[in-house]
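1. Next comes the sequence, and after it the predicted model I'd like to discuss.
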Amino acid sequence: MLNIVIERYSKSYNFKANPNKPGSFQNNWKNNSLDWFVLYDDNAELFRAHCQSVANYNFGEQQSLGSEYGDTVREGPFKMKCFVEPRAFHGEIHGICETTDMDGEIINHESMQKSGDYQLGRWLVHDRWSNKIHGDTNYAWSAGCFILSSGDLKALNVVLKSCGVKPGNIIPGNVIVIN
């Protein structure tokens, strides 16, 4: 059975180059993409790539009302809904669902948080592609998503398809924190 483990390092929460300055693109780049996204078939490792799993894009238009990295998927179980609608994202992406963030807010079966009828965004597995530069950004910017490089997302999708994974299939996952 396919399953995912996000190996998150405690150091990843220390993303500000200068902890005394406010969040910004110029300041929130430290310890970027240290974590691992690992896909297993039972105990056999099928895919491994670095990822950004801690929300470090928590400033400007993405600033949340919660804690500094409150939109980060919490330690523990989650599910990944495969090959969801990309909308404005590049490539074939996946949804993170049926979990909570570090502020305790539920990420539902549609990879969304809701406040009444208002949707607060989607939690996804996507790449760091920028249409502005027509390539990957130097750093991964996460507002709560798991971010891979473009090449790694493509490689993950090849593995998933070779395993017979179809759009909408669900793969269980677990975020573990390594000190």
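-> Everything's here; your move.

2. Contact partners for the residue nearest the centre of the chain?
-> Taking C-alpha atoms, centre = their mean, the centroid of the chain lies closest to Phe146, which sits 1.3 Å from it. With contact set as C-beta atoms under 8 Å, 6 or more residues apart in numbering, Phe146 has these partners: 6, 37, 51-53, 73, 96, 124-125. For every residue, glycine as well, the C-beta is placed using N, CA and C.

3. How about Val38?
-> So Val38 contacts 4-7, 45, 47-48 (C-beta under 8 Å, 6+ apart).

4. ok, it to Gly116 distance?
-> Using C-beta to C-beta, to the nearest Å, Val38 is found at 37 Å from Gly116.

5. Neighbouring strands of the least confident helix or strand in the chain by mean pLDDT in the sheet, and parallel or not?
-> In the chain, the helix or strand scored least confidently by mean pLDDT, DSSP states H and E is strand 118-122, which has a mean of 81. Within its sheet, and counting by DSSP bridges, strand 118-122 is paired with strand 112-115 (antiparallel).

6. How far off centre is the strand it pairs with?
-> What separates the centre of strand 112-115 from the centre of its chain is 17 Å, taken as C-alpha atoms, centre = their mean, to the nearest Å.

7. any idea of the mean pLDDT for it?
-> The average pLDDT for strand 112-115 rounds to 86.

8. Okay, buried residues for it please.
-> 112-113 (16 or more other C-beta atoms under 10 Å).
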